[in-house]
Structure formats: C-alpha cells, structure tokens
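Visitor: Give the three-dimensional model of this entry:
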Amino acid sequence: MNFTFIAWGLESFPPLMLTALRFFFTAVPLVFFLKPPTFNRTLLIYAIGTFVMQYAFVFTAMHLGASPGLTALLLQMQIFITVLLAYFILGEAVSRMQVIGMMVGVLGLGVIALNLGGDMPVAGFVCILIAAVGWSFGNIASKQASAQATLKAAQQKTATAPTTVKNKTSALSALALVAWGALIACVFFDVIFAYI
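Guide: This next block holds a predicted model:
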C-alpha cells in the first residue's frame with residue numbers, strides 16, 4: 001500500500017520535495033517530545049542511508065516510471081545487501097543457506113534486469129539499486145546504534161531498574177531514532193534545496 005500512496009503523492013509533488021515532506025511530518029511534532037539519541041556518525045549514516053538515499057531514489061525511480069509493485073519487489077534487494085555488509089563491516093557469520101538464498105535472489109534480479117522495459121525503465125532500476133544500498137547501510141547503522149545504546153544502558157544500569165522499564169525504554173529509543181533521523185534528513189534536503 002505504501003508504494004501506491006507514493007505514486008499518488010508523486011502526481012502532485014516532485015520526488016525530492018515529497019521525500020522532504022515525508023520526513024518533516026515524521027519528525028514534527030515527535031522531536032519535541034522524544035529525547036534525542038546521541039548524535040554521532042552512526043546516527044548520520046542511519047539517517048542518510050535509510051531516509052535520504054532510500055526514499056529519494058525510490059521516489060525518483062517511480063517518478064521515472066517504475067511501477068509501485070515492481071519497485072516494492074526490487075527494493076527488497078536490501079535484504080541480501082545487508083547480509084553482505086554485516087559480513088564485511090560487522091564481521092558477522094554468513095550461513096550456507098544465506099549464501100544459497102542470496103545466489104537465488106541475484107539470479108532473480110538478473111532475470112528482471114534482462115527484461116527491463118514497460119514497468120521498469122533502466123534509470124528506475126538503477127535508482128532502486130542505489131536505494132537498496134542506502135537502506136542496507138541504514139540497517140547496519142541502526143544495528144550499531146542499538147548496540148551502542150545497549151552498551152550505554154548496561155553501563156548505567158542500576159539494581160532497582162525493572163525489566164519492563166528497560167523494554168519500554170528500548171521501544172522509545174527506536175521511535176526517537178526514527179524521529180530524529182527524519183529531522184536530520186529534513187536538514188539534509190533543506191541544504192539540497194538551497195543549492196538547486
């Protein structure tokens with residue numbers, strides 16, 4: 001459904017403007033009520049990868065003529081790109097089944113790439129690839145931000161803190177990460193618009 005609404009939005013707004021509006025309304029008013037996460041390189045990579053790269057390029061691909069259904073399908077390439085990035089950046093192990101699954105996925109993408117046209121212009125396909133890579137870097141940054149927050153919480157843990165409070169804090173931290181990451185994306189787009 002998300003991609004259908006994106007297609008409708010692109011009938012009224014250019015892709016980068018629609019992306020900026022999406023994240024403005026994600027950030028405001030939440031940033032006024034949520035404590036900001038620690039601003040560091042990880043948060044910046046998360047915001048640029050997950051919000052700026054992913055959505056700017058997805059919206060551009062759809063603006064160029066990519067259909068909502070095929071866009072939604074191809075964007076899932078981020079799953080195996082994330083596995084590869086986790087292997088190279090975080091040193092996580094990759095199982096034999098994950099490798100087989102990624103090979104099948106790459107073959108499927110090859111079939112799609114060889115039959116581009118109609119619902120998927122070549123420029124749209126390239127934009128979706130870039131979006132998937134951005135989302136994957138955002139996934140890795142999100143995982144690192146979570147690990148950093150867990151480590152910080154463990155260092156500040158007191159014997160009186162109940163487990164339920166910890167779980168609620170984790171959920172609020174995820175919401176804060178999204179809200180404040182969206183605000184960073186808004187600032188990024190504001191800079192882009194200033195130079196266009």
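Visitor: Excluding sequence neighbours, find me the nearest residue to residue 102.
Guide: Spatial nearest neighbour of residue 102, excluding adjacent residues (CB to CB, 6 or more residues apart in numbering): residue 80 at 4.1 Å. All C-beta atoms are positioned from the backbone trio N, CA, C, and that covers glycine.
Visitor: which secondary structure elements does the longest helix along the chain contact?
Guide: Secondary structure of the chain per DSSP state H: the longest helix is helix 122-156. Contacts defined by 3 or more CB pairs under 8 Å, 6 or more residues apart in numbering; DSSP states H and E place helix 122-156 against helix 41-46, helix 54-63, helix 68-74, helix 78-85, helix 163-195.
Visitor: Let's see that with 6 Å instead.
Guide: helix 41-46, helix 54-63, helix 78-85 (3 or more CB pairs under 6 Å, 6 or more residues apart in numbering; DSSP states H and E).
Visitor: out of those, which comes closest to residue 28?
Guide: Smallest distance to residue 28 across those (CB to CB): 16.8 Å, for helix 54-63.
Visitor: Give me the contacts around that closest one.
Guide: 6-7, 10, 15-16, 18-19, 71, 124, 127-128, 130-131, 134-135 (CB atoms under 6 Å, 6 or more residues apart in numbering).
Visitor: angle of it against helix 78-85?
Guide: 140 degrees (axes from the mean of the first three to the mean of the last three CA atoms, to 10 degrees).
Visitor: Determine which residue lies closest to the centroid of this protein.
Guide: residue 50 (2.4 Å; CA atoms, centre = their mean).
Visitor: Enumerate every residue touching that one.
Guide: Per CB under 6 Å, 6+ apart, neighbours of residue 50: residue 138.
Visitor: Just to be sure, it is in a helix?
Guide: Yes - the assignment for residue 50 is a helix, going by DSSP: H, G, I helix; E, B strand; the rest coil.
Visitor: Can you get me a residue count around residue 174?
Guide: For residue 174, the count of nearby residues is 15 (other CB atoms under 10 Å).
Visitor: go on, residue 57?
Guide: 24.
Visitor: Quickly note the distance from it to residue 16.
Guide: 10 Å (CB to CB, to the nearest Å).
Visitor: Ok, residue 87 next?
Guide: In this view, residue 87 and residue 16 are 33 Å apart by CB to CB.
Visitor: Just to check, residue 121 is in contact with residue 71?
Guide: No - assessed by CB atoms under 6 Å, residue 121 is found out of contact with residue 71, at 11.4 Å.
Visitor: Of those two, which one has the most company?
Guide: With neighbours defined as other CB under 10 Å, residue 121 and residue 71 compare such that residue 71 has more, 24 against 15.
Visitor: how about the more buried one, what does it touch?
Guide: Applying CB under 6 Å, 6+ apart, the residues near residue 71 are 3, 61, 62.
Visitor: Setting the sequence-adjacent residues aside, check what's closest to the first one.
Guide: Put plainly, it is residue 3. Nearest to residue 3 is residue 68, by CB to CB, 6+ apart, at 3.6 Å.
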